[in-house]
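> here's my sequence, what's the structure:
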Amino acid sequence: MFLHIGADEIVFLRDVVAIMDIERTTTSHTTRDFLKHCEEQGKVKTIGYDIPKSFIVTKINGKQTVYLSPISSATLYKRATRVAPKDRRN
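Numbers count the residues shown, from 1 in each chain. Sure thing, here's the model as predicted:
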């Protein structure tokens, strides 16, 4: 399964490490330091042109990427946990 994270960008759910709300998590020095370190290492990718509402941490083949998404973490969580409807052939 995959997750649409904004604009034309999708990631595979198996690669998602975390989906975080920017407003709530960047109050922590640890989170700000993490994001700053990732930016300095060239691991941050901004999706679209709107103000980011969330960030998604992925790890693919040992390589970490942080996506800044204009989609809220709540919406991304709903998308990630959505279950396909059961077959109803009764």
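> so where do the strands sit in the chain?
Secondary structure of the chain (DSSP state E): strands at 2-6, 9-12, 16-21, 44-46, 54-60, 63-69.
> return the list of strands paired to the shortest one, each annotated with direction.
In the sheet containing strand 44-46, the strands it pairs with under DSSP bridges are strand 63-69 (parallel).
> now the strand it pairs with: buried residues?
Within strand 63-69, the residues that qualify as buried are 65, 66, 67, 68, 69, counting by 16 or more other C-beta atoms under 10 Å. All C-beta atoms are positioned from the backbone trio N, CA, C, and that covers glycine.
> picking that back up, would you turn the strands of the chain into CSV with distance to residue 82?
As requested, the strands of the chain are exported to CSV (distance: least, C-beta to C-beta, whole Å):
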stretch, distance to residue 82
strand 2-6, 10
strand 9-12, 14
strand 16-21, 14
strand 44-46, 24
strand 54-60, 16
strand 63-69, 17
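> can I get the ones you listed in CSV including mean pLDDT and distance to residue 33?
Putting the strands of the chain into CSV (pLDDT from 0 to 100; distance: least, C-beta to C-beta, whole Å) gives the following:
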stretch, mean pLDDT, distance to residue 33
strand 2-6, 96, 23
strand 9-12, 96, 24
strand 16-21, 97, 14
strand 44-46, 98, 13
strand 54-60, 97, 14
strand 63-69, 98, 13
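> residue 30 is nearest to which of the ones you listed?
Of all these, strand 16-21 sits nearest to residue 30, with 11.7 Å by C-beta to C-beta.
> what are the buried residues along that closest one?
16, 19, 20.
> quick check: residue 1 touching residue 15?
No: with contact defined as C-beta atoms under 8 Å, residue 1 does not reach residue 15; the gap is 10.9 Å.
> compare these two (neighbour count), which wins?
More crowded of residue 1 and residue 15, by other C-beta atoms under 10 Å: residue 15, with 16 against 9.
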